[in-house]
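Participant: Can you look at this prediction? I've put the sequence above it.
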Amino acid sequence: AGRVTDHLTLGVEEEFHVADAGSRMLLQNSDVLLDDLDRDGFEPEQFESEIYLSMVETGSVVCTTLDEIREQLTALRRELCGTANRHGMRVLAAGTMPLARGRLQQITPKPRYRDIERAHQQVSREMMACGMHVHVGVPDREEAVQILNQVRPYLSALLALSANSPFWDTHDTGYASYRSILWGRWPSAAIPQTFASIEEYDAVGRMLIDSGAIIDLGQIYWDMRLSQANPTLEFRVSDVCMTVDEAVLQAGLCRALVHLGRERVSRGLSPPGVRAELLQAAKWRAARFGLEDQLFDPLTREVLAPRDFFARLVDELRDALDVEGDTEQVCELIDHALCDGSGARRQRSAFATAGRLEDTVDLIAAATCS
């Protein structure tokens, strides 16, 4: 039982759009930004290109506290934004870019990205979608699979809190997280099923490659998976968050969920018996409304006001949060999120003032770099 209270490491990856400061349209030369970064004080791999020339990705080092995560994300965003400003660019933390037009985007000329384009054709050409990935250290792969089985029903909560992509191709989609709808076009993008063992998990990955649905294991785009590059459980369900505060909240909740899952595994509890259709319904509702309407709890099959939904979640996670000393910070950040509304709500409010999507882009740019 002592293992259940061990402290868990954290890491966060964030994807960003890169736009012209004047036109607010996406640029196709993010390599200019990456080439000019001052990388002193950072590890070489902390700034990377992405599948599109209009995107960049950052990654924190391994952290042990939420304060460390905050310091890392703030420093990474500050360096990106400062360098972008020198080049007349803006860095944007939004799941989708309000003024983006898919036909104008170019895929980064790397062999793997070209292989993805050949395999997935138009789907790969329209996926200008930025997410965030939270890594929680779980070195034992068998244990990681069993924790994944336990945590699946909670993923929609993370999506609701991160919902930050209401606009697509200059139109309001009616969704709070349209990124999650776009992302679902990939053949491997879904809430994962339960797995009897790590052997079954690995076998499914090999079968997906054999089927041609994915080109390699890095294309397993499940909302939660075992990382290919790190000894971690990787949460992938969320939009990139507009603010550092929201990203820190995601990290705290993901780590608490892993603690909860480990505790249940250590007690020999079976995974929650929730139908896949109900998990998908919960995810859909989170994507549709974010924090601006009721959320569906697939465990209790209730539709709840967001404040009641997250009060129940915090109660479930309180012991796990206490282990890491995260309770006060996570509760405060949830309260702020519920008061401020989702990133999607804030994007729409900026647009509503004068009916200009340029104002929405300006809001995102300011919040990204604040």
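Facilitator: Alright, I've got the coordinates. For clarity, every value in this text was computed on a predicted model and none was experimentally measured.
Participant: On the three-state scheme, Val237 is what?
Facilitator: Of the three states, Val237 takes coil under DSSP: H, G, I helix; E, B strand; the rest coil.
Participant: In space, what's closest to it - neighbours in sequence excluded?
Facilitator: For Val237, ignoring the flanking residues on the chain, the nearest one in space by C-beta to C-beta, 6 or more residues apart in numbering is Asp223 at 3.9 Å. Yep, even glycine has a C-beta here, placed from its N, CA and C like the rest.
Participant: Surely the one you found touches Phe235?
Facilitator: Yes: Asp223 is in contact with Phe235 according to C-beta atoms under 8 Å; the separation is 7.4 Å.
Participant: Mind checking which of those two has more residues around it?
Facilitator: Phe235 (28 against 24; other C-beta atoms under 10 Å).
Participant: that older thread, what touches both of Asp223 and Phe235?
Facilitator: Leu155 (C-beta atoms under 8 Å, 6 or more residues apart in numbering).
Participant: need the contact list for the residue nearest to Val237.
Facilitator: 155, 189-192, 235-237, 283.
Participant: can you put those in JSON lines and add pLDDT and distance to Ala93?
Facilitator: Below are those laid out as JSON lines (pLDDT from 0 to 100; distance: C-beta to C-beta, whole Å):
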{"residue": "Leu155", "pLDDT": "98", "distance to Ala93": "20"}
{"residue": "Ala189", "pLDDT": "93", "distance to Ala93": "21"}
{"residue": "Ala190", "pLDDT": "92", "distance to Ala93": "25"}
{"residue": "Ile191", "pLDDT": "96", "distance to Ala93": "24"}
{"residue": "Pro192", "pLDDT": "96", "distance to Ala93": "26"}
{"residue": "Phe235", "pLDDT": "98", "distance to Ala93": "17"}
{"residue": "Arg236", "pLDDT": "98", "distance to Ala93": "16"}
{"residue": "Val237", "pLDDT": "98", "distance to Ala93": "16"}
{"residue": "Lys283", "pLDDT": "98", "distance to Ala93": "21"}
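Participant: any idea of the mean pLDDT for the helix or strand that Glu48 is a member of?
Facilitator: Taking DSSP states H and E as the definition, Glu48 sits inside strand 47-49. Averaging pLDDT along strand 47-49 yields 91.
Participant: so what secondary structure elements neighbour it?
Facilitator: helix 30-36, strand 55-59, helix 66-86 (3 or more C-beta pairs under 8 Å, 6 or more residues apart in numbering; DSSP states H and E).
Participant: quick one, strands of the stretch 101-250 of the chain?
Facilitator: Per DSSP state E, counting those that start in this stretch, the stretch 101-250 of the chain carries strands over the ranges 132-137, 167-168, 171-172, 224-226, 232-235.
Participant: could I have the longest helix along the chain exported to CSV, CA atoms only?
Facilitator: Ranked by residue count under DSSP state H, the longest helix found in the chain is helix 244-266. C-alpha atoms of helix 244-266 as CSV (Å, rounded to 0.1, in the frame of the first residue of the first chain):
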residue,chain,number,x,y,z
VAL,A,244,-1.0,28.8,-17.7
ASP,A,245,-3.4,28.5,-14.8
GLU,A,246,-5.7,26.3,-16.7
ALA,A,247,-2.8,24.1,-17.9
VAL,A,248,-1.6,23.7,-14.3
LEU,A,249,-5.1,22.7,-13.3
GLN,A,250,-5.0,19.9,-15.9
ALA,A,251,-1.7,18.7,-14.6
GLY,A,252,-3.0,18.6,-11.0
LEU,A,253,-6.1,16.7,-11.9
CYS,A,254,-4.3,14.2,-14.1
ARG,A,255,-1.9,13.3,-11.4
ALA,A,256,-4.7,13.0,-8.9
LEU,A,257,-6.6,10.6,-11.2
VAL,A,258,-3.5,8.4,-11.5
HIS,A,259,-3.2,8.3,-7.7
LEU,A,260,-6.9,7.3,-7.6
GLY,A,261,-6.4,4.6,-10.2
ARG,A,262,-3.3,3.2,-8.5
GLU,A,263,-5.1,3.0,-5.2
ARG,A,264,-8.0,1.1,-6.8
VAL,A,265,-5.6,-1.2,-8.6
SER,A,266,-3.8,-1.9,-5.3
